[in-house]
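Pasting the sequence and the predicted model now:
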Amino acid sequence: MKYTQIQPATKLRPYIRYFGLLESNGRCDQIKTFKIIADANPGLVFQETTCFTNINNEKLPPLYLHGLTSSNSQKTVSDSYCNLIVCFQTNAIKSIFGIDANELTDSYFHLNDVVKNNLTAQLLEERHLNKRITIISDFLSQLITKNKHRENVYASYAVSNLNINNDDGLYRIQSELNITERSLQRMFKTNIGIPPKLYFRICRFQAALDHIRGRKFTSYTKIAHQHSYADQAHFIRDFKSFTGTTPKQFSQQANEQVINFPEWLS
(Lines give C-alpha, C1' and ligand atoms only; values in the text may rest on other atoms or scores of the structure.)
Protein backbone atom coordinates (compact mmCIF):
# COMPACT_ATOMS: atom_id res chain seq x y z
CA MET A 1 0.00 0.00 0.00
CA LYS A 2 1.24 3.48 -0.91
CA TYR A 3 -0.14 6.70 0.51
CA THR A 4 0.54 10.31 -0.46
CA GLN A 5 -0.95 13.36 1.26
CA ILE A 6 -1.31 16.75 -0.45
CA GLN A 7 -2.29 20.07 1.08
CA PRO A 8 -5.18 22.00 -0.49
CA ALA A 9 -4.93 25.49 -1.97
CA THR A 10 -4.90 28.20 0.69
CA LYS A 11 -8.43 29.41 -0.12
CA LEU A 12 -9.84 25.91 0.47
CA ARG A 13 -8.13 25.20 3.80
CA PRO A 14 -11.13 26.40 5.85
CA TYR A 15 -13.05 23.56 4.13
CA ILE A 16 -10.49 20.85 3.33
CA ARG A 17 -7.89 19.33 5.65
CA TYR A 18 -5.99 17.48 2.93
CA PHE A 19 -6.14 15.38 -0.21
CA GLY A 20 -4.83 11.82 -0.03
CA LEU A 21 -3.93 9.22 -2.65
CA LEU A 22 -4.19 5.59 -1.52
CA GLU A 23 -2.84 2.97 -3.93
CA SER A 24 -2.22 -0.75 -3.78
CA ASN A 25 1.18 -2.25 -4.58
CA GLY A 26 0.05 -4.13 -7.68
CA ARG A 27 -2.71 -6.72 -7.63
CA CYS A 28 -4.10 -8.13 -4.40
CA ASP A 29 -3.83 -11.88 -3.96
CA GLN A 30 -6.31 -11.93 -1.08
CA ILE A 31 -9.13 -9.91 0.44
CA LYS A 32 -7.78 -6.95 2.39
CA THR A 33 -9.67 -5.43 5.29
CA PHE A 34 -9.47 -1.78 6.33
CA LYS A 35 -10.86 -0.64 9.67
CA ILE A 36 -12.88 2.58 9.83
CA ILE A 37 -12.27 4.37 13.12
CA ALA A 38 -14.61 6.99 14.54
CA ASP A 39 -13.31 10.45 13.73
CA ALA A 40 -14.59 13.96 13.16
CA ASN A 41 -13.99 14.33 9.45
CA PRO A 42 -16.44 13.85 6.57
CA GLY A 43 -14.96 13.23 3.15
CA LEU A 44 -15.26 12.65 -0.59
CA VAL A 45 -13.71 9.57 -2.25
CA PHE A 46 -12.98 8.89 -5.92
CA GLN A 47 -12.28 5.23 -6.73
CA GLU A 48 -10.44 4.94 -10.03
CA THR A 49 -10.31 1.15 -10.27
CA THR A 50 -11.71 -1.59 -8.08
CA CYS A 51 -14.40 -0.39 -5.71
CA PHE A 52 -14.27 -1.15 -2.00
CA THR A 53 -17.23 -2.88 -0.36
CA ASN A 54 -18.73 -1.79 2.95
CA ILE A 55 -19.44 -3.90 6.02
CA ASN A 56 -22.69 -5.12 4.42
CA ASN A 57 -20.73 -6.34 1.35
CA GLU A 58 -22.25 -3.57 -0.79
CA LYS A 59 -19.98 -2.07 -3.44
CA LEU A 60 -19.38 1.63 -2.86
CA PRO A 61 -19.92 4.08 -5.76
CA PRO A 62 -16.95 5.29 -7.84
CA LEU A 63 -17.44 8.78 -6.39
CA TYR A 64 -19.10 9.07 -3.01
CA LEU A 65 -19.58 11.49 -0.15
CA HIS A 66 -19.52 10.31 3.44
CA GLY A 67 -20.32 12.05 6.67
CA LEU A 68 -18.64 12.05 10.03
CA THR A 69 -18.00 8.55 11.41
CA SER A 70 -19.32 8.11 14.95
CA SER A 71 -18.61 4.39 15.42
CA ASN A 72 -16.37 1.68 14.02
CA SER A 73 -16.88 -0.13 10.73
CA GLN A 74 -14.76 -1.60 7.94
CA LYS A 75 -14.24 -1.87 4.18
CA THR A 76 -12.78 -4.68 2.12
CA VAL A 77 -11.15 -4.89 -1.29
CA SER A 78 -10.06 -7.89 -3.34
CA ASP A 79 -8.07 -6.37 -6.20
CA SER A 80 -5.78 -3.45 -6.99
CA TYR A 81 -7.13 -0.05 -5.99
CA CYS A 82 -6.44 3.65 -6.42
CA ASN A 83 -8.47 6.06 -4.28
CA LEU A 84 -8.28 9.84 -4.25
CA ILE A 85 -9.54 11.08 -0.89
CA VAL A 86 -10.73 14.53 0.12
CA CYS A 87 -10.74 14.93 3.90
CA PHE A 88 -13.03 17.82 4.82
CA GLN A 89 -12.86 19.98 7.90
CA THR A 90 -15.18 18.86 10.69
CA ASN A 91 -17.89 21.46 10.07
CA ALA A 92 -17.52 21.89 6.30
CA ILE A 93 -20.50 19.92 4.96
CA LYS A 94 -23.10 22.64 5.51
CA SER A 95 -20.97 25.40 4.01
CA ILE A 96 -19.96 23.35 0.95
CA PHE A 97 -23.08 21.38 0.08
CA GLY A 98 -25.79 23.36 1.86
CA ILE A 99 -27.21 20.33 3.69
CA ASP A 100 -27.33 19.54 7.39
CA ALA A 101 -24.31 17.49 8.40
CA ASN A 102 -26.40 14.94 10.32
CA GLU A 103 -27.98 13.81 7.03
CA LEU A 104 -24.64 12.22 6.12
CA THR A 105 -23.46 10.93 9.50
CA ASP A 106 -22.29 7.28 9.32
CA SER A 107 -23.54 7.06 5.72
CA TYR A 108 -22.29 6.96 2.12
CA PHE A 109 -23.99 8.75 -0.78
CA HIS A 110 -23.24 8.79 -4.47
CA LEU A 111 -22.17 12.38 -5.00
CA ASN A 112 -24.63 12.74 -7.86
CA ASP A 113 -27.47 12.07 -5.38
CA VAL A 114 -26.36 15.08 -3.33
CA VAL A 115 -25.45 17.47 -6.15
CA LYS A 116 -25.70 16.86 -9.89
CA ASN A 117 -22.28 16.69 -11.51
CA ASN A 118 -20.10 15.05 -14.16
CA LEU A 119 -17.06 14.88 -11.90
CA THR A 120 -16.51 11.13 -12.30
CA ALA A 121 -16.14 11.42 -16.07
CA GLN A 122 -13.78 14.39 -15.73
CA LEU A 123 -11.58 12.54 -13.26
CA LEU A 124 -11.45 9.39 -15.37
CA GLU A 125 -10.37 11.39 -18.41
CA GLU A 126 -7.48 12.99 -16.51
CA ARG A 127 -4.57 10.78 -15.37
CA HIS A 128 -2.35 13.27 -13.51
CA LEU A 129 -2.88 13.58 -9.76
CA ASN A 130 -2.36 17.34 -9.55
CA LYS A 131 -4.82 17.97 -12.36
CA ARG A 132 -7.38 15.71 -10.71
CA ILE A 133 -6.98 17.69 -7.51
CA THR A 134 -7.49 20.89 -9.50
CA ILE A 135 -10.71 19.49 -11.01
CA ILE A 136 -12.08 18.61 -7.57
CA SER A 137 -10.91 21.92 -6.08
CA ASP A 138 -12.61 23.92 -8.83
CA PHE A 139 -15.81 21.91 -8.40
CA LEU A 140 -15.88 22.48 -4.63
CA SER A 141 -15.00 26.17 -5.02
CA GLN A 142 -17.99 26.63 -7.31
CA LEU A 143 -20.28 24.92 -4.80
CA ILE A 144 -19.00 27.12 -1.98
CA THR A 145 -19.54 30.27 -4.05
CA LYS A 146 -23.12 29.27 -4.92
CA ASN A 147 -23.99 28.06 -1.43
CA LYS A 148 -25.90 30.51 0.74
CA HIS A 149 -24.88 28.73 3.98
CA ARG A 150 -21.65 30.35 5.07
CA GLU A 151 -19.40 28.99 7.79
CA ASN A 152 -21.05 28.96 11.21
CA VAL A 153 -18.55 30.88 13.33
CA TYR A 154 -19.97 29.45 16.58
CA ALA A 155 -19.43 25.90 15.32
CA SER A 156 -15.91 26.77 14.18
CA TYR A 157 -15.15 28.23 17.61
CA ALA A 158 -16.50 25.12 19.36
CA VAL A 159 -14.41 22.79 17.17
CA SER A 160 -11.24 24.84 17.66
CA ASN A 161 -11.53 25.50 21.37
CA LEU A 162 -13.04 22.39 22.93
CA ASN A 163 -10.88 21.24 25.85
CA ILE A 164 -10.85 17.44 25.51
CA ASN A 165 -8.82 16.94 28.68
CA ASN A 166 -11.51 18.32 30.95
CA ASP A 167 -15.07 17.09 31.43
CA ASP A 168 -16.40 20.64 31.65
CA GLY A 169 -15.16 21.44 28.13
CA LEU A 170 -18.65 21.57 26.62
CA TYR A 171 -20.04 23.69 29.43
CA ARG A 172 -17.20 26.15 28.98
CA ILE A 173 -17.89 26.39 25.23
CA GLN A 174 -21.59 26.93 25.90
CA SER A 175 -20.81 29.66 28.40
CA GLU A 176 -18.26 31.41 26.17
CA LEU A 177 -20.68 31.40 23.24
CA ASN A 178 -23.52 32.52 25.55
CA ILE A 179 -25.97 30.00 24.13
CA THR A 180 -28.33 27.49 25.73
CA GLU A 181 -27.61 23.76 25.89
CA ARG A 182 -30.42 23.18 23.39
CA SER A 183 -28.92 25.72 20.98
CA LEU A 184 -25.53 24.03 21.33
CA GLN A 185 -27.08 20.67 20.45
CA ARG A 186 -28.87 22.10 17.41
CA MET A 187 -25.67 23.76 16.23
CA PHE A 188 -23.71 20.52 16.50
CA LYS A 189 -26.41 18.47 14.79
CA THR A 190 -26.65 20.87 11.85
CA ASN A 191 -22.99 21.79 11.37
CA ILE A 192 -21.07 18.77 12.67
CA GLY A 193 -23.57 15.93 12.48
CA ILE A 194 -23.65 14.47 15.99
CA PRO A 195 -24.56 15.60 19.52
CA PRO A 196 -21.90 17.63 21.35
CA LYS A 197 -21.30 14.97 24.03
CA LEU A 198 -20.59 12.32 21.39
CA TYR A 199 -18.29 14.73 19.56
CA PHE A 200 -16.44 15.35 22.83
CA ARG A 201 -16.05 11.59 23.36
CA ILE A 202 -14.65 11.06 19.85
CA CYS A 203 -12.17 13.93 20.20
CA ARG A 204 -11.05 12.68 23.60
CA PHE A 205 -10.65 9.14 22.22
CA GLN A 206 -8.63 10.43 19.25
CA ALA A 207 -6.30 12.33 21.58
CA ALA A 208 -5.79 9.17 23.65
CA LEU A 209 -5.27 7.11 20.48
CA ASP A 210 -2.44 9.45 19.46
CA HIS A 211 -0.48 8.22 22.49
CA ILE A 212 -0.86 4.64 21.29
CA ARG A 213 0.07 5.57 17.73
CA GLY A 214 3.23 7.27 18.92
CA ARG A 215 4.02 4.64 21.60
CA LYS A 216 4.16 7.58 24.03
CA PHE A 217 2.68 5.93 27.10
CA THR A 218 3.62 3.64 29.93
CA SER A 219 0.18 2.29 30.81
CA TYR A 220 -3.43 2.52 29.71
CA THR A 221 -4.30 3.73 33.21
CA LYS A 222 -2.14 6.82 32.69
CA ILE A 223 -3.76 7.49 29.30
CA ALA A 224 -7.19 7.19 30.92
CA HIS A 225 -6.24 9.58 33.71
CA GLN A 226 -4.68 12.13 31.37
CA HIS A 227 -7.82 12.29 29.21
CA SER A 228 -10.42 12.43 32.02
CA TYR A 229 -11.69 8.86 31.72
CA ALA A 230 -13.06 7.45 34.96
CA ASP A 231 -10.57 4.57 34.84
CA GLN A 232 -8.77 2.20 32.46
CA ALA A 233 -11.92 0.12 31.91
CA HIS A 234 -13.82 3.23 30.82
CA PHE A 235 -11.09 4.09 28.31
CA ILE A 236 -10.99 0.57 26.87
CA ARG A 237 -14.79 0.49 26.49
CA ASP A 238 -14.68 3.72 24.49
CA PHE A 239 -11.70 2.44 22.49
CA LYS A 240 -13.56 -0.76 21.52
CA SER A 241 -16.69 1.23 20.67
CA PHE A 242 -14.81 3.55 18.31
CA THR A 243 -12.36 1.04 16.77
CA GLY A 244 -13.99 -2.38 17.15
CA THR A 245 -10.85 -3.70 18.81
CA THR A 246 -8.71 -3.37 21.94
CA PRO A 247 -5.72 -1.02 22.30
CA LYS A 248 -3.35 -4.00 22.35
CA GLN A 249 -4.82 -5.49 19.16
CA PHE A 250 -4.69 -2.08 17.49
CA SER A 251 -1.00 -1.73 18.31
CA GLN A 252 -0.25 -5.19 16.92
CA GLN A 253 -2.46 -5.31 13.80
CA ALA A 254 -3.14 -1.79 12.52
CA ASN A 255 -1.08 -0.66 9.53
CA GLU A 256 -2.26 2.94 9.69
CA GLN A 257 -0.73 4.76 6.75
CA VAL A 258 -4.04 6.61 6.38
CA ILE A 259 -5.10 7.98 9.74
CA ASN A 260 -8.32 6.36 11.04
CA PHE A 261 -8.34 3.95 8.09
CA PRO A 262 -5.71 1.26 8.91
CA GLU A 263 -5.19 -1.85 6.87
CA TRP A 264 -5.87 -4.67 9.31
CA LEU A 265 -3.11 -7.26 9.40
CA SER A 266 -4.00 -10.84 10.30
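Done, it's in.

Just confirm residue 75 is within a strand.
Yes: per DSSP: H, G, I helix; E, B strand; the rest coil, residue 75 lies within a strand segment.

That one: neighbour count?
Under the neighbour criterion other CB atoms under 10 Å, residue 75 is assigned a count of 17. (Glycine included, C-beta is placed from N, CA and C.)

Bridge partners for it, pull those for me.
On the basis of DSSP bridges, residue 75 takes part in beta bridges with residue 34.

452 is where my numbering starts, stick with that
All set: I'll call the first residue 452, so the last point we hit is now residue 526.

so who does it touch?
Applying CB atoms under 8 Å, 6 or more residues apart in numbering, one finds that residue 526 lies in contact with 484, 485, 487, 503, 504, 505, 506, 511.

my guess is the first one meets residue 529, correct?
No: at 10.4 Å, residue 484 does not count as touching residue 529 under the criterion of CB atoms under 8 Å.

Using neighbour counts, trim the contacts of residue 526 to the buried set.
Neighbour-count burial within these applies to 485, 487, 503, 504, 511; the criterion is 16 or more other CB atoms under 10 Å.

Who are the packing partners of the helix or strand harbouring residue 653?
Residue 653 belongs to helix 647-664 when assigned by DSSP states H and E. Helix 647-664 sits against helix 620-628, helix 632-642, helix 671-677, helix 683-694, helix 698-704, with contacts defined as 3 or more CB pairs under 8 Å, 6 or more residues apart in numbering; DSSP states H and E.

7 Å - rerun?
Helices and strands in packing contact with helix 647-664 are listed as helix 620-628, helix 632-642, helix 683-694, helix 698-704; criterion 3 or more CB pairs under 7 Å, 6 or more residues apart in numbering; DSSP states H and E.

gap between the residue of the chain lying at maximal distance from its centre and residue 536?
Computed with CA atoms, centre = their mean, the residue of the chain farthest from its C-alpha average is residue 629, at 28.8 Å. As defined by CB to CB, to the nearest Å, residue 629 lies at a distance of 37 Å from residue 536.

So which residue is dead centre in the chain?
Using CA atoms, centre = their mean, the residue of the chain that lies closest to the mean C-alpha position is residue 492, 3.0 Å off.

Does that one touch residue 467 like I think?
No: the pair residue 492 / residue 467 is not scored as a contact, 10.0 Å apart, by CB atoms under 7 Å.

Tell me which residues are up against stretch 463-482.
When contacts are defined by CB atoms under 7 Å, 6 or more residues apart in numbering, stretch 463-482 is touched by residues 452-459, 492, 527-540, 543, 546-547, 580, 584, 588, 591-592, 595, 602, 709.
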